[in-house]
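Trainee: attaching a predicted model along with its sequence, questions to come.
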There are 2 protein chains.
Amino acid sequence: MTEKYIFVTHSEENYLKVIYHLSSASPKGVNTNAIAAMMDTKASSVTDMIKKLAEKEMVLYQKYQGVSLTEQGLLAAKMIVRKHRLWEVFLVEKLDFSWDEVHDVAEELEHIKSEKLINKLDAFLNFPSEDPHGDPIPNQYGEIQKTDKQLLSEATVGKNYICVGVKDSSSAFLQYLNKQKIALGTPMKILEKETFDQTLLVEIEGEDKVLSHKIASNLYIN
Amino acid sequence: MTEKYIFVTHSEENYLKVIYHLSSASPKGVNTNAIAAMMDTKASSVTDMIKKLAEKEMVLYQKYQGVSLTEQGLLAAKMIVRKHRLWEVFLVEKLDFSWDEVHDVAEELEHIKSEKLINKLDAFLNFPSEDPHGDPIPNQYGEIQKTDKQLLSEATVGKNYICVGVKDSSSAFLQYLNKQKIALGTPMKILEKETFDQTLLVEIEGEDKVLSHKIASNLYIN
DNA sequence: TTTATTTTTTAGTCTAATCTAAAAATATTT
DNA sequence: AAATATTTTTAGATTAGACTAAAAAATAAA
Ligand SMILES: [Mn+2]
Ligand SMILES: [Mn+2]
Ligand SMILES: [Mn+2]
Ligand SMILES: [Mn+2]
């Protein structure tokens, strides 16, 4: 059961993470093109890299049939996600970064290779279960605590909810939310839903606000 | 005066740092071989890299005449040292790392590219002036506070001193110091110096200890 | 001041990670 | 079921950073 240690490069880690994120949407096999789009690279580069990852037994790969993570690859991917999200918590909680500023720095920090560092950081942050965008943080064994949440676009008119996460965590979207005074924990009541374009009228902190379907389908509530 | 931003790679940063550290010993020009030894690489690789750094105006380079940092290169090098040392402080002060465990992780963390991150970290740590090995931390403008200290090997017999730093910060040496209960701030009195091999007899925390010349010439005192 | 030694540079090769262009396989329409 | 379109893979090229071996320059010794 003692697994041999396989070195994974910075670039390989990025591929693993992207395959992991795409896996939930297409569990039987992730497409080359989908990976290429997500990584902002070309399909031919993806094919090359997939072969390398298959060689290292991080993914299962059949030509033309898409790619999926092995148990080993899944754990590696979860550890990168764990690091990314823990660093995001650190940046917000300890260094006073705002939630729209942390992603790019975390993209770099997630590649620092030290298990001790990340476990000590976890403890220093008091073992947070979620990152600043409401995404769950895997523990050191890769276990993820499932929380139930739904998209605001699926909410019931008349009910009260609390904002618990964002689907899109681009700084553009987050800055829009800042402007609208929407943050994690913000309570909101759904007043109306326009049948024509699904625009919502929502009461937030005493104010009535109009939120487009695009916005509503990127906000998680509970 | 607005300098154009020049991207410096991970590898280039390591070279700049090494050239910086070697510059104090040979201010007129650092040798190719010295860099190669420090970087654990070959002289031919160093020549290639020096050309690239000269292209980017980070170093001055004349064939066969050694290399020196430009103003720009000096500032870049100091910023890497700043990051390295601030991260070391973070690891020791906040994450409970021991001083012999921080160097390798800091070698990775020093390459994270975010001025905001490093200045926020500096503030979070209360603007420390020294790292866990007693080395000064450059401020955000690259200014370094000079402290006067001397090597234990140059100490006067009969006098009292305090340990203020290490010249060699390898974990092997630091672990030796741990074993001898020598840390930054430890007081010591020089009892005797053997003329034959310069071995010292030193009183530390009530105990008499024998320190070889090699040890003494890697410990800074004040 | 020649000769020998050491240092540094050049020339050519290698690998990782990318790209473009073209071929092959798969999927979608008629 | 053919024809067409899309996706994926291959082939070949490029760049950064490293290497070895050999040539050139600088330094030290005789
Ligand atoms: Mn993120
Ligand atoms: Mn996040
Ligand atoms: Mn260090
Ligand atoms: Mn240090």
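Mentor: Yep, it's here. Ligands and ions are numbered 1, 2, ... in the order given.

Trainee: from now on I want contacts and neighbour counts done on CA atoms only, so please keep to that.
Mentor: Fine.

Trainee: ok, A:Lys51 - contacts?
Mentor: A:Tyr61 (Cα atoms under 8 Å, 6 or more residues apart in numbering or on different chains).

Trainee: ok now the helix or strand where it lies, how far from the chain's centre?
Mentor: Here A:Lys51 sits within helix A:43-55, counting by DSSP states H and E. Centroid separation for helix A:43-55 versus its chain: 23 Å, with Cα atoms, centre = their mean, to the nearest Å.

Trainee: quick check: buried residues in it?
Mentor: A:43, A:46-47, A:50-51, A:53-54 (16 or more other Cα atoms under 10 Å in any protein chain shown).

Trainee: what residues does the longest helix anywhere in chain A touch?
Mentor: Longest helix of chain A, by residue count under DSSP state H: helix A:71-93. Identification of contacts with helix A:71-93 by Cα under 8 Å, 6+ apart yields A:13, A:16-17, A:20, A:57-59, A:97-99, A:102-103, A:106-107, A:109-111, A:118, A:121-122, A:125, A:128, A:130-132, A:135, A:137-142.

Trainee: residue ranges with poor pLDDT in chain A?
Mentor: Within chain A, the stretches with pLDDT under 70 are A:1-3.

Trainee: around DNA strand D, pick out the residues from it.
Mentor: A:31-34, A:43-48, A:62-66 (Cα under 7 Å from any atom of the strand).

Trainee: kindly export the longest helix of chain A (C-alpha atoms) in PDB.
Mentor: C-alpha atoms of helix A:71-93 as PDB (Å, rounded to 0.1, in the frame of the first residue of the first chain):
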ATOM      1  CA  GLU A  71      -7.600   7.300  -7.500                       C
ATOM      2  CA  GLN A  72      -4.100   8.700  -7.300                       C
ATOM      3  CA  GLY A  73      -4.900  11.500  -9.700                       C
ATOM      4  CA  LEU A  74      -8.100  12.400  -7.900                       C
ATOM      5  CA  LEU A  75      -6.300  12.700  -4.600                       C
ATOM      6  CA  ALA A  76      -3.600  14.800  -6.100                       C
ATOM      7  CA  ALA A  77      -6.200  17.100  -7.700                       C
ATOM      8  CA  LYS A  78      -8.100  17.400  -4.400                       C
ATOM      9  CA  MET A  79      -4.800  18.400  -2.600                       C
ATOM     10  CA  ILE A  80      -4.300  21.200  -5.100                       C
ATOM     11  CA  VAL A  81      -7.800  22.400  -4.600                       C
ATOM     12  CA  ARG A  82      -7.300  22.100  -0.800                       C
ATOM     13  CA  LYS A  83      -4.200  24.300  -1.000                       C
ATOM     14  CA  HIS A  84      -5.800  26.800  -3.300                       C
ATOM     15  CA  ARG A  85      -8.800  27.300  -1.000                       C
ATOM     16  CA  LEU A  86      -6.800  27.300   2.200                       C
ATOM     17  CA  TRP A  87      -4.500  30.000   0.800                       C
ATOM     18  CA  GLU A  88      -7.600  32.000  -0.200                       C
ATOM     19  CA  VAL A  89      -8.800  31.800   3.400                       C
ATOM     20  CA  PHE A  90      -5.400  33.000   4.600                       C
ATOM     21  CA  LEU A  91      -5.400  35.900   2.300                       C
ATOM     22  CA  VAL A  92      -8.800  37.100   3.300                       C
ATOM     23  CA  GLU A  93      -8.800  36.300   7.000                       C
END
